[in-house]
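**Q** Let me see the structure of the following:
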Amino acid sequence: MDPRVFLFMVGFLFIIPRFLTFALAQVQDVESLISDIASPQRNLDLGLSVLKDPMHNLAFREMSGNADIPDTSLQAPIFATTGEPVYNPSLLMMIQGLLSKQEVLLEYFPGDSVVFTVAVTKESFGIHRMRTSPEIWQELSGFKRNIRLADFGNCKYQSELLSEVLLRPVSESLKGKTKAVIIAHAALYGFPFEVLVYPTIPSLQASGKTKYLIEGREVVYNNSVAQWLSSRIRSKTCTLKTSADNNLAFAGFSPGFELHECIQELHNAGTEISRIGKMFKDSGKTPVILLNENSNESNFKSIARYSHIIHIATHTISSTDCPDMNGLLFHEFGSRENTDEDDGLLAVREICELNIPADLIVINACASANIRSRIGLNWFSCADCFMKAGARNVLCTLWNISDRVAERFMVEFYRCYLGGMSYSKALQQVKVKMISEPSTSLPLNWAAYVLIGD
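**A** Presented below is the predicted three-dimensional model:
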C-alpha cells in the first residue's frame, strides 16, 4: 500500500474524529458558560439577608407601590450577615475579565437608611456604604415626577441631593472611565442616573459648572449582573454582523394606525422609519421597511430573526389589572383581520418564545421600558424577554414621549451610529446635543431613552 494512502486512512480514522470531538466540546463549553452565568447570581439571591421581610423596608414599599417597576421578588438586594452585599469570587473574576479599562460597573442595593454600592473596574473592586434618611426615597420619587413635569427648579436641587448619595461614594471609581454600566435594584430600578450631576463638589455645584453624568460618560443599564454577563459573552462569542441568519441591516416596523377606530394615529412614525431606512440604504446597508398594513405581527415574527437591528415605532399596552395583555401593538390589533396566533398584540410573554438574535432592538414607544408581565413566579420586562429571545441590546423609554421628539431623537441616534459610533456612544452624543439646545435641554426630552445590554 502506498504510504501516503496509509497515512491518510490513519488520519481519517483517528485524528479527524478526535479533532471534531474537541471542536464540539469547545462549543459545548461556551454554551455551558452562558447557561451557568446565572448560577453565581442565584447564589447571591439565596444568601442571608438582613432584611428578613422586604415589605418592612421603605425602599421596597416605594417600589411595590410603583406600577413602573417590577415586584420585590425579582429585584431584591441580598446582603451577607455583615450587612454588605457579597460577590462570589468567581463571579467577580468573570466581570473584571470582561470589563474594558474604560468601563466601571456600579450595582446599587438601597435600604431604608443605607445604600450599598458595588463598584467594579478592571483594576479594582469596592463596596461603598452611604447612610441615608427615609426622606431620600420621597425625594427620589419626586425627582422622577418633576422630570416628567419639566420642573427644572426642583429637579436641579433634587439631582444634587441624590448625586451626593449615589455618585459621591464611587467618584474615585468613575475617574478616568468613559462608560458606566449601572445595575439598580428596588426603588432605584428605572431611575435615570444620567440626570445626576457630576462631579459632586459643592463649590462647583454653586458655580453651576457641574454637568449631567451623561455629558461625560456613556451609560448602559442592566437588570442583573447575570443579564449583563450574558449580553457581554454573546458579544464575544457571536459574529452577528457576518452571520447568514442576520442578513438585513435594519428592519423597521410602524403600523401607523391611520384611520384606526380605537387607537391614536402615529403621525410621525412612518416618516421616522422611512428616513432611517434611507440612511441605511445610503450607507450601503440593506434595510426593509414595513409600514401600515405591512407592519403586522406575522411579518414581524418572520423577518425579525433575520435582522441585525430591529426598530419598532408603535403604541404599547401596559396594564396592572390585565398583565397578560401587556405588549406591543401591530396593524391588525382590534380588527377583523387578526387570527388566534396573530392578533396584532405581541405580548411580553410571547416574546420569550421567539428566536430573535438581533444586535439591537429599538422600542420607540411610550414607557416601553416599563411594559412587563408575570412569567412563572416573577415579573419580566419587555427588554428582559427580548434579551432572553437572543437580542444583545434593547433601547427603550422610561416614560411617555411625543411623536415629534421621538422621530428627531431616533434619526439623530442612527446618524451617529452609521457614522461609526457604538450604540452607547451614539446615545450619549444625541443626549449631549439635545442638552446644548435650549428648546430640548430639559431631561424630559432626552432622559427617557435608556440602553439595556452590552
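**Q** from here on, contacts and neighbour counts on C-alpha atoms
**A** Fine.
**Q** helix/strand/coil for Ile273?
**A** helix (DSSP: H, G, I helix; E, B strand; the rest coil).
**Q** I'd like the mean pLDDT over stretch 211-225, please.
**A** For stretch 211-225, the mean pLDDT works out to 93.
**Q** Pull that stretch out as CSV, backbone CA atoms only.
**A** The C-alpha trace of stretch 211-225 is given here as CSV (Å, rounded to 0.1, in the frame of the first residue of the first chain):
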residue,chain,number,x,y,z
LYS,A,211,-22.6,68.7,34.3
TYR,A,212,-25.0,65.8,33.9
LEU,A,213,-23.4,62.4,34.3
ILE,A,214,-24.3,61.6,30.6
GLU,A,215,-22.2,64.6,29.4
GLY,A,216,-19.0,62.9,30.5
ARG,A,217,-19.8,59.2,30.3
GLU,A,218,-21.8,56.7,28.3
VAL,A,219,-24.4,55.0,30.4
VAL,A,220,-25.8,51.4,29.9
TYR,A,221,-28.3,49.7,32.2
ASN,A,222,-29.0,46.1,33.1
ASN,A,223,-31.4,44.5,35.5
SER,A,224,-28.9,42.0,36.9
VAL,A,225,-25.2,41.0,36.7
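**Q** Any chance you could list what contacts that stretch?
**A** With contacts defined as CA atoms under 8 Å, 6 or more residues apart in numbering, stretch 211-225 is touched by 41, 75, 177-185, 189, 193-199, 228, 424-425, 427-428, 431-432, 450-454.
**Q** Quick check: chain neighbours aside, which residue is closest to Leu149?
**A** Leu444 (7.6 Å; CA to CA, 6 or more residues apart in numbering).
**Q** Relative to Gly216, how far out is the one you found?
**A** Going from Leu444 to Gly216 by CA to CA, to the nearest Å gives 19 Å.
**Q** In terms of packing, which of those two has more residues around it?
**A** Leu444 (19 against 16; other CA atoms under 10 Å).
**Q** Okay, and that one sits in which element?
**A** If you go by DSSP states H and E, Leu444 is part of helix 443-446.
**Q** Show me the contact partners of the helix or strand just after that helix.
**A** Once helix 443-446 ends, the next helix or strand along the chain (criterion: DSSP H and E) is strand 449-453. Here strand 449-453 makes contact (CA under 8 Å, 6+ apart) with 192, 219-222, 227-228, 231-232, 383, 392-398, 424.
**Q** Cross these against strands and list the overlap.
**A** Val219, Val220, Tyr221, Asn222, Asn393, Val394, Leu395, Cys396, Thr397 (DSSP state E).
**Q** Give the burial count for the last one, as a bare number.
**A** Each residue near Thr397 was counted by other CA under 10 Å, and the total is 24.
**Q** Test my guess that it contacts Ser381.
**A** No. Applying CA atoms under 8 Å, one finds Thr397 not in contact with Ser381, separated by 12.0 Å.
**Q** Report the set of residues contacting both of those two.
**A** Counting by CA under 8 Å, 6+ apart, the contacts common to Thr397 and Ser381 are Ala369, Asn370.
**Q** Strands of the stretch 151-300 of the chain, residue ranges please.
**A** 179-184, 197-198, 211-212, 218-222, 248-254, 287-291 (DSSP state E, counting those that start in this stretch).
**Q** Ok, which of those strands comes nearest Pro323?
**A** Nearest to Pro323 among these is strand 218-222 (22.1 Å), distances taken as CA to CA.
**Q** that older thread, any idea of the mean pLDDT in the helix holding Leu444?
**A** 92.
**Q** Show me what that helix is packed against.
**A** helix 135-148, helix 423-436 (3 or more CA pairs under 8 Å, 6 or more residues apart in numbering; DSSP states H and E).
**Q** any idea which element Phe413 lies in?
**A** With DSSP H and E as the test, Phe413 turns up in helix 403-418.
**Q** How far off centre is that helix?
**A** 18 Å (CA atoms, centre = their mean, to the nearest Å).
**Q** Going by neighbour count, which residues in that helix are buried?
**A** For helix 403-418, burial by neighbour count (16 or more other CA atoms under 10 Å) applies to 403, 406-407, 409-418.
**Q** cool, stretch 313-331 as well?
**A** Quick answer for stretch 313-331 (16+ other CA under 10 Å): 313-318, 323-331.
**Q** In strands, which of the residues you listed appear?
**A** Ala313, Thr316, Ile317, Gly327, Leu328, Leu329.
**Q** and this structure, what are its domains?
**A** Domain assignment for the chain by automatic domain parsing gives 1-35, 45-227, 240-453.
**Q** where in this structure is pLDDT low?
**A** The model of the chain has pLDDT under 70 over residues 1-83, 152-153, 200-210, 238-246, 259-261, 335-341.
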